[in-house]
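Q: Below is the structure, and that's it, no one-letter string:
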Ligand SMILES: Nc1ncnc2c1ncn2[C@@H]1O[C@H](COP(=O)(O)OP(=O)(O)OP(=O)(O)O)[C@@H](O)[C@H]1O
């Protein structure tokens, strides 16, 4: 399977005095599987140059894996496991992904690493301290967040209030806008488990394994991701066209409905749910329970026709977003309360 790497991020956050990485060459037409293997080898070699360095409080230092002290497991994803570790009294979330001879799997690992390194200057994307590449695995050392939103929903067993979703939407839209405008990347896997929250109420986007490079603002390769959050245009087997960031806007809309109601909006088997995304009217928020601006934002994001969905500039100018930007909502206090209540 082909990958459309953005590239150039490995190590950028590790030495901010370094000159910017050279411009990324446009991908050449090629046989996908052979070219991917070749690409992956090159990328790995490039990434290995910055392996074994951690940047903490602005200081880049050589580090050894054995200095990472395991604290506890955080969770597992399709690419690896995340655990809480301590390095010289700094707590980190370390994502360990086994190296594999499968070039698609390996490209996911490298893409995740690349995007997180590239995005060191975005406050809405989880920060990377550095990484280790060994003969067996790749370990990415990230700031340790408190939880992701799907776990939070499970834990608190109730919807997230609209004023908290207002703040959360601002962060996620800004993260996606940053990726698009600064790096010409779309995320392609926006969903509650990829949105993280820390104890001070800061909200960040993570998990860039299937992110895609945009060529003339469009993504061309078909990539795996969570189908339940994909827009109808990405699920339609008859649609051979490329797609753009408006597919992520659909995923954002579906995510907001889930957070606001406390449950994923479609029911049935995975096949049933995908059929409903393709054929049914998209979900809406009830005006009896939510503000007109919030209902309108969700309705705009969940348009079947991608060209009818707003882009990020339009979303950032939407009254729901501008209103919540002005509010002084204390996400930290809300989070402490709900975590205390559900303990
Ligand atoms: N920096 C972090 N701080 C705290 N928890 C994290 C961090 N990064 C990931 N996690 C958590 O670790 C778990 C595994 O994350 P990972 O990104 O590997 O997989 P996922 O997103 O759950 O699944 P998939 O990769 O299949 O989409 C998730 O619960 C996620 O919220």
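A: Looks like it came in fine. The structure presented is a predicted model; accordingly, all values stated were derived computationally and were not measured.

Q: Can you give me every residue that contacts the residue of the chain found nearest the ligand?
A: Nearest residue of the chain to the ligand: residue 77, at 2.0 Å (CB to the nearest ligand atom). Just so you know, the C-beta spots here come from the backbone N, C-alpha and C atoms, and that holds for glycine as well. Counting by CB atoms under 8 Å, 6 or more residues apart in numbering, residue 77 makes contact with 95, 207.

Q: List the contacts of stretch 153-164.
A: Contacts with stretch 153-164, where a contact means CB under 8 Å, 6+ apart, come from 147, 149, 152, 168, 192, 258-263, 290-291, 294, 324, 327, 329, 331, 334, 338-339, 341-342.

Q: Flag every buried residue along it.
A: 153, 156, 159, 160, 162, 163, 164 (16 or more other CB atoms under 10 Å).

Q: which parts of the stretch 1-150 of the chain sit against the ligand?
A: 74-80, 82, 93, 95, 126, 142-145, 148 (CB under 6 Å from any ligand atom).

Q: So how do I select the buried members of those in PyMOL?
A: Applying 16+ other CB under 10 Å to those, the buried members can be selected in PyMOL as follows:
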select buried, resi 74+79+80+82+93+95+126+142+143+144+145+148
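
Q: And the residues of the stretch 1-150 of the chain next to the ligand, which is closest to residue 228?
A: residue 78 (14.0 Å; CB to CB).

Q: Going by residue numbers, what spans are strands in the chain?
A: 53-56, 59-62, 69-76, 81-87, 90-98, 128-133, 137-143, 147-148, 185-186, 195-197, 203-205, 212-213 (DSSP state E).

Q: Pick the most buried one from those strands.
A: Stretch with highest mean neighbour count among the strands of the chain: strand 185-186 (a mean of 26; mean count of other CB atoms under 10 Å).

Q: pretty sure residue 290 is touching residue 261, no?
A: No. Residue 290 lies out of contact with residue 261 (CB atoms under 8 Å); the separation is 9.3 Å.

Q: Go ahead and flag the most central residue of the protein.
A: Against the mean C-alpha coordinate of the chain, by CA atoms, centre = their mean, the closest residue is residue 206 at 3.7 Å.

Q: How is the chain divided into domains?
A: 37-143, 147-341 (automatic domain parsing).

Q: want to throw those into TSV with mean pLDDT?
A: Below are the domains of the chain laid out as TSV (pLDDT from 0 to 100):
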stretch	mean pLDDT
domain 37-143	91
domain 147-341	92
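
Q: roughly how far apart are residue 332 and residue 197?
A: Distance, residue 332 to residue 197, using CB to CB, to the nearest Å: 10 Å.

Q: same thing with residue 108?
A: Taking CB to CB, one finds residue 108 at 24 Å from residue 197.

Q: thought residue 230 was touching residue 248?
A: No. Checked against CB under 8 Å, the pair residue 230 and residue 248 is beyond contact range at 9.8 Å.

Q: Could you check which of those two is surrounded by more residues?
A: Counted by other CB atoms under 10 Å, residue 230 and residue 248 do not tie: residue 248 has more neighbours, with 29 against 23.

Q: Next, the contact list for the more buried one, please.
A: Residue 248 touches 176, 186, 187, 188, 190, counting by CB under 8 Å, 6+ apart.

Q: Let me see the backbone angles for the residue in the chain sticking out farthest from the centre.
A: In terms of distance from the mean C-alpha position of the chain, residue 288 ranks first, at 31.4 Å (CA atoms, centre = their mean). With angles defined as degrees, to the nearest 10, residue 288 sits at phi -70, psi -20.

Q: Which one, of the strands of the chain, ends up nearest to residue 277?
A: strand 185-186 (18.6 Å).

Q: if we look at the closest one, which residues are touching it?
A: Residues contacting strand 185-186 (CB under 8 Å, 6+ apart): 6, 115, 118, 176, 179-180, 208, 211-214, 219, 244-245, 247-248.

Q: Show me what that strand pairs with in its sheet, parallel or antiparallel.
A: The strands that strand 185-186 pairs with in its sheet are strand 212-213 (antiparallel) (by DSSP bridges).

Q: how far is the partner strand from where the chain is centred?
A: Its chain's average C-alpha position is 13 Å from that of strand 212-213, according to CA atoms, centre = their mean, to the nearest Å.
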